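> Make a model of this:
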Amino acid sequence: MKNNFILNKNKEIWGYTIPALDETDLVKTGFSTRIGEVFKGDRQSTLAFCKSLGIYPEEIKFCGQVHGSKVVRAPKDISSDADGLMTDKKGLALVTFYADCVPLYFLDTRHRVIALSHAGWKGTVGQIGKNTLAAMSKAYGTDPKDCLVAIGPSIGPCCFEVDRPVADRFKAAFDFSSEVIEPKDSGKFHIDLTKTNALDLIDAGVLDENIYTSNICTSCNTDILYSYRREGKIENRMAAIIMLM
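Numbering: from 1, shown residues only. Below you'll find the model as predicted:
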């Protein structure tokens with residue numbers, strides 16, 4: 001795994017990009033901040049953010065984000081109950097929204113297919129990363145070994161504290177749970193969601209060297225990012241975007 005997110009700034013809009021994916025010349029990527037906010041499900045603010053990063057979508061696709069692990073094809077399939085989108089259509093921007101949950105960006109460089117999935121802790125336990133790869137394989141013939149995957153800013157293990165019932169669900173879901181769960185003297189547990197998703201993707205066949213992370217904690221950086229936990233159930237969100245060129 002490698003760190004590979006860069007913050008691009010101008011006076012009105014700041015946004016992260018993922019050079020490892022963008023430099024393939026197959027896609028454009030972005031992740032918004034508090035500066036030049038993208039409103040959830042809003043096409044106008046989404047388009048303004050895209051244009052600030054040199055992304056010019058012909059079409060924009062959102063999904064319902066219900067903290068599940070369903071992934072659908074865009075723009076064909078109904079997506080109101082999905083947490084992931086995939087497509088092989090150029091000029092179609094896939095967009096999902098975050099305020100602590102984990103953004104997962106996928107690029108199949110062989111078949112020129114992309115996907116974008118929203119992994120909250122429930123989606124992580126539900127292995128949405130693996131589900132995304134399985135859906136891409138079924139629809140487009142994707143082999144995980146051909147994929148580049150980026151894991152965007154989310155709440156870090158420093159701040160993601162849970163009670164035993166949640167920790168037990170991670171223990172039941174993952175053989176490697178001891179590597180991502182840290183017990184605390186308080187009886188609480190800290191969980192590394194980025195590492196959990198990365199290890200699950202490696203288990204699915206993605207090469208370690210093809211996984212890129214941000215290591216940016218949303219809860220520790222509320223000067224430029226939103227955090228649902230830190231800020232008290234806010235409505236604001238950041239947007240993750242990927243589009244085939």
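
> per-residue confidence at the residue positioned nearest the centre of the chain?
Taking CA atoms, centre = their mean, the centroid of the chain lies closest to P103, which sits 1.1 Å from it. We have a pLDDT of 98 for P103.

> That one is in contact with S154, isn't it?
Yes. Contact criterion CB atoms under 8 Å: P103 and S154 qualify, at 7.0 Å. All C-beta spots, glycine's among them, are computed from the backbone N, C-alpha and C.

> how about the helices in this protein?
Using DSSP state H, the helices of the chain run over 19-22, 43-52, 121-125, 128-140, 164-173, 193-204, 228-231.

> Measure how the fourth one sits relative to helix 193-204, angle-wise.
Same thing as helix 128-140. 40 degrees (axes from the mean of the first three to the mean of the last three CA atoms, to 10 degrees).

> Nearest to G91, out of the helices of the chain?
The minimum distance between G91 and those falls on helix 43-52, with 11.2 Å, by CB to CB.

> and that closest one, what other elements does it pack with?
strand 27-32, strand 59-61, strand 92-98, strand 238-244 (3 or more CB pairs under 8 Å, 6 or more residues apart in numbering; DSSP states H and E).

> Take these and lay them out in TSV including mean pLDDT.
Output for the helices and strands packed on helix 43-52, formatted as TSV (pLDDT from 0 to 100):
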stretch	mean pLDDT
strand 27-32	98
strand 59-61	95
strand 92-98	97
strand 238-244	98
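
> What is the burial count for V27?
Neighbour count of V27, defined by other CB atoms under 10 Å: 23.

> in the sheet, who's paired with it?
L244 (DSSP bridges).

> Contacts only, for K9.
I35 (CB atoms under 8 Å, 6 or more residues apart in numbering).

> And the one 5 residues further on, by the same measure?
Contact partners of W14, counting by CB under 8 Å, 6+ apart, are 7-8, 32-36, 224.

> separation between the residue nearest to the centre of the chain and I128?
11 Å (CB to CB, to the nearest Å).

> Good, wrapping up.
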